[in-house]
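Asker: Kindly generate the corresponding structure for this input.
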Amino acid sequence: MVRITTQKSAEAVQQLLDRVRITQQLSRSDYLYLTSLVLADTSLNNVDRRRINRLFDNIQTGQLSLVD
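Answerer: The predicted model follows:
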């Protein structure tokens with residue numbers, strides 16, 4: 001199980017999502033962080049939650065790749 005030990009600011013999450021959108025690649029550690037964030041963080045706003053879910057959809061459809 002992955003625990004969120006530090007709270008990243010909303011700005012840091014935005015930067016991560018923007019970087020992934022530009023590079024079309026997501027590291028496995030960032031994937032685990034975003035998964036934990038969606039599942040555990042109740043303070044995540046709906047816009048960010050939708051952006052993360054779209055990112056997960058893109059992984060499933062092969063439009064985005066996971067890298068080690």
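Asker: What residues sit buried inside stretch 58-68?
Answerer: For stretch 58-68, the neighbour count (16 or more other C-beta atoms under 10 Å) marks N58, L64 as buried. C-beta coordinates here come from the backbone N, C-alpha and C atoms, glycine included.
Asker: try stretch 41-61
Answerer: Neighbour counts using 16+ other C-beta under 10 Å place D48, R51, I52, L55, N58 of stretch 41-61 among the buried residues.
Asker: where in this protein is pLDDT low?
Answerer: Residues of the chain meeting the criterion pLDDT under 70: 1-9.
Asker: I'd guess G62 is in a strand, am I close?
Answerer: No: counting by DSSP: H, G, I helix; E, B strand; the rest coil, one finds G62 to be coil, located in no strand.
Asker: Next one: it from R28, what distance?
Answerer: Separation of G62 from R28 (C-beta to C-beta, to the nearest Å) stands at 16 Å.
Asker: same for the host helix or strand of L66, what does it pack against?
Answerer: Per DSSP states H and E: L66 is located in strand 65-67. With contacts taken as 3 or more C-beta pairs under 8 Å, 6 or more residues apart in numbering; DSSP states H and E, strand 65-67 sits against strand 25-27, helix 28-40.
Asker: Run me through the strand neighbours of that strand, direction for each.
Answerer: Using DSSP bridges, the strands paired with strand 65-67 are strand 25-27 (parallel).
Asker: Could I get the contacting residues of the residue nearest the centre of the chain?
Answerer: Centroid-nearest residue in the chain: L34, 3.5 Å away (criterion: C-alpha atoms, centre = their mean). Going by C-beta atoms under 8 Å, 6 or more residues apart in numbering, L34 touches L16, I52, L55, F56.
Asker: how about those residues in TSV, adding secondary structure?
Answerer: Listed next are these as TSV, based on three-state DSSP:
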residue	secondary structure
L16	helix
I52	helix
L55	helix
F56	helix
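Asker: in stretch 16-25, what's buried?
Answerer: Applying 16+ other C-beta under 10 Å to stretch 16-25 flags L16, L17, V20 as buried.
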